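> The sequence and its predicted three-dimensional model are supplied below.
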Amino acid sequence: MTATGERSFPEGFWWGVATSAYQIEGAWDEDGKGPSIWDTYAHVPGNIRNGDTGDVGNDHYHRYREDVALMSSLGAGAYRFSISWPRIFPEGTGRPNEKGLGFYDRLLVELLAAGIEPFATLYHWDLPEALQVAHGGWQSMNTVHAFADYAGFVASRFSDRVRHFFTLNEFHSFVDMGHRGVRAEVGGGKTVRLALAPGLELSDADLNQVRHHSVLAHGLATRAIRERARAGTKVGFAENIGTAVPIIDTPEHVSAAEAATRDLNAAYMTVMLEGAYPDSYLAEAGSAAPRFTDEELETISTPLDFVGINVYRPSAYVEPSEDSRGYRTLPVSASHPTMGSSWHLLDPAVMYWAPRLTTSLWDPESIFITENGCAAADVPAADGRVYDTDRVMFLRACLTELQRSVAGGAPVDGYFHWSAQDNLEWGDGFGTRFGLVYVDFRTLERTPKLSADWFRHAAQRNAVV
Ligand code: PNW
C-alpha cells in the first residue's frame with residue numbers, strides 16, 4: 001500500500017473520460033441538424049474503412065442516459081465531450097436550432113445529476129458542410145468569424161452549467177491531415193499516411209493560411225466566450241502537442257528537446273502561447289508563409305486559463321547538436337513497438353515529457369491532459385469479458401509517467417482518457433477500438449473492459465494502482 005501512496009495525484013485532480021460528437025452521437029440528420037464535412041466525407045465510398053459512417057455511430061444521441069450511467073460506474077468525475085456545430089447552426093451561421101440545443105441541455109442535466117463535471121469542446125472537426133461549400137471552410141475568414149459567433153453563442157447558453165470550454169481540438173490533426181495529408185514516422189524509416197475530412201491537397205501557401213485561420217479562430221472564440229459567458233468561465237484549447245522526447249535527462253538534452261518541441265508546434269501552440277511565429281518557421285516557409293497582422297497575433301495569443309494537450313506518442317527523439325537549431329532528430333528503431341493504431345508509436349515517457357516541456361517552454365497556469373489512450377484488439381472472451389491487458393499496461397505506464405511529471409512540478413489539473421467507449425475512429429472506422437467500454441456495433445450493447453476496472457480504482461484512489 002505504501003507504494004500506491006507514493007504515486008498519488010494532488011487533491012482535486014480531475015479523472016475524466018473523453019469523446020467527440022461525430023464519433024458517438026449518430027442521429028446525423030435528426031432534429032434539424034445540418035450535415036457536417038464528416039457526413040459528406042464518410043458517405044464517399046473508400047474514405048472510411050469497411051464503409052463505416054457516423055450516421056448511427058454509438059447512437060449516443062438517444063442512449064446518453066445509459067452512457068452517463070456508464071461513466072459514473074467508471075468513477076469518472078469529469079466528461080469531455082464536443083458540441084456539434086451543425087446541430088446548433090445547421091448552416092454554420094444564422095438562427096440557432098432549438099432542438100439541437102435541447103440535446104445538450106438534456107445531456108447536461110444528466111451529467112450534473114450524476115455529479116460529473118462537463119468540459120465542452122466547441123470544435124472536434126465536424127464543420128458545417130454549408131461553410132465548406134460556400135467558402136472553402138477553414139480557407140476563408142468567413143468560417144473564422146462564424147466559429148467565433150457560434151462559440152460566443154454556445155457559451156452564453158451553457159456557461160451556467162459548463163465551467164470549462166475548449167475552443168478547437170487538435171489543430172495539427174484537422175488542419176494538416178484534412179488539408180494536405182500527413183506522414184507519421186513509425187520506425188525503421190517507415191511512415192503511414194494520415195488523412196481526415198475534407199480530404200484536400202492544398203499548396204504550402206494555402207495550407208499555412210488555413211493554419212493561421214485556425215489559431216485566429218481560437219483567439220476570436222476565446223474573446224467571444226469571455227464576452228458572453230458567465231464570469232469565471234475558463235477557456236483554453238486542446239492540441240495534439242508535438243513532443244520531442246530527449247534520450248537523456250540532462251540540461252543539454254532537455255534544451256535540445258525544448259527547442260525541437262517549440263519548432264514542432266510553431267504554427268499552433270507556439271504562436272498561441274508566445275504571440276509570434278518563430279523566425280525559423282517563417283524562414284522555412286519563405287514565400288509560402290502565412291499572411292498576418294500584429295493585431296491578429298495579439299488576438300491569437302489572448303491569455304488563457306489553461307492549456308489542453310492530447311498525448312499519444314513522441315513526435316521525435318532528439319539529442320543536442322552544434323548547429324543553429326540546437327538539436328538533431330534521431331531515426332526511430334525498426335523494432336520500436338506500436339499500439340493498435342498504425343501511427344501509435346509506444347513510449348509512455350511522452351506522458352512525462354509533454355507536461356514538463358509545456359511547463360518549461362510556456363509556463364501555463366494550468367494544464368489538462370485532454371486525451372490519452374490506445375487502440376487494442378479487444379475481442380470478447382467466452383465469458384463475455386474483454387481482457388484488454390495491453391490497454392491496462394498502457395494506462396498504468398502512462399499514468400506512472402504523468403504522476404512523475406506532476407510530482408516534479410508540472411501544473412496538471414486533470415486527465416481525460418480517450419475514450420469513454422469504442423467509437424468511430426475516423427478513417428479507421430469502428431474496427432479500431434479506443435474505449436474503456438466495449439461496444440458491439442451490431443447490437444450497440446456496451447460492456448466495460450478490464451481497463452475500466454483499472455481506471456475506476458485509479459480514479460477512486462486518486463493514484464496509480
Ligand atoms: C485524436 N497521431 O486523433 C482525436 O482527437 C480523437 O478524435 C481520436 O479518436 C483519437 O485521438 C485517437 O486517434 C489523433 O497521429 C489522430 O499521433 C492522430 C494522432 C493522434 C491523435
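Perfect, I can see it now.

> nearest spatial neighbour of the residue of the stretch 1-150 of the chain found nearest the ligand, skipping sequence neighbours?
The ligand sits closest to Ser20 of the stretch 1-150 of the chain, with a gap of 5.1 Å, by CB to the nearest ligand atom. Backbone N, C-alpha and C define where each C-beta goes, glycine included. The shortest distance from Ser20 to any non-neighbouring residue, by CB to CB, 6 or more residues apart in numbering, is to His124 (3.7 Å).

> Residue numbers of the stretch 251-400 of the chain in contact with the ligand?
310, 312-313, 343, 371 (CB under 6 Å from any ligand atom).

> now with 5 Å?
With CB under 5 Å from any ligand atom as the criterion, the stretch 251-400 of the chain meets the ligand at residues 312, 343.

> Sketch out the strands for the stretch 251-400 of the chain, chain order is fine.
307-310, 316-320, 327-330, 367-371 (DSSP state E, counting those that start in this stretch).

> which residues are contacting the second one?
The one in question is strand 316-320. With CB atoms under 8 Å, 6 or more residues apart in numbering as the test, strand 316-320 has contacts from 185, 242, 244-248, 252-253, 255-257, 260, 264, 326-330, 332.

> Sort out which of the residues you listed are buried, if you could.
Among the contacts of strand 316-320, those scoring as buried are 185, 242, 244-246, 253, 256-257, 260, 264, 326-327, 329, 332 (criterion: 16 or more other CB atoms under 10 Å).

> I'd like the residues you listed laid out as JSON lines, including pLDDT and distance to Arg161.
Formatted as JSON lines, the buried ones among the contacts of strand 316-320 follow (pLDDT from 0 to 100; distance: CB to CB, whole Å):
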{"residue": "Glu185", "pLDDT": "94", "distance to Arg161": "42"}
{"residue": "Gly242", "pLDDT": "98", "distance to Arg161": "34"}
{"residue": "Ala244", "pLDDT": "99", "distance to Arg161": "39"}
{"residue": "Val245", "pLDDT": "99", "distance to Arg161": "39"}
{"residue": "Pro246", "pLDDT": "98", "distance to Arg161": "42"}
{"residue": "His253", "pLDDT": "98", "distance to Arg161": "45"}
{"residue": "Ala256", "pLDDT": "98", "distance to Arg161": "45"}
{"residue": "Ala257", "pLDDT": "99", "distance to Arg161": "40"}
{"residue": "Ala260", "pLDDT": "98", "distance to Arg161": "41"}
{"residue": "Leu264", "pLDDT": "98", "distance to Arg161": "36"}
{"residue": "Gly326", "pLDDT": "98", "distance to Arg161": "46"}
{"residue": "Tyr327", "pLDDT": "98", "distance to Arg161": "45"}
{"residue": "Thr329", "pLDDT": "98", "distance to Arg161": "45"}
{"residue": "Val332", "pLDDT": "98", "distance to Arg161": "44"}
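
> Show me which of those is closest to Glu129.
Distances from Glu129 to the buried ones among the contacts of strand 316-320, taken as CB to CB, are shortest for Gly242 (29.4 Å).

> ok so that closest one is a strand residue?
No - with DSSP: H, G, I helix; E, B strand; the rest coil as the criterion, Gly242 is coil rather than part of a strand.

> Can you give me every residue that contacts the residue lying closest to it once chain neighbours are set aside?
Among residues not flanking Gly242 along the chain, Leu264 sits closest, at 3.2 Å (CB to CB, 6+ apart). Leu264 makes contact with 242-244, 315-316, according to CB under 8 Å, 6+ apart.

> and with 7 Å instead?
Contacts for Leu264 (CB atoms under 7 Å, 6 or more residues apart in numbering) come out as 242, 244, 315-316.

> Just send the strands of the stretch 251-400 of the chain back as CSV, with distance to Arg80 too.
Below are those laid out as CSV (distance: least, CB to CB, whole Å):
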stretch, distance to Arg80
strand 307-310, 9
strand 316-320, 27
strand 327-330, 32
strand 367-371, 6
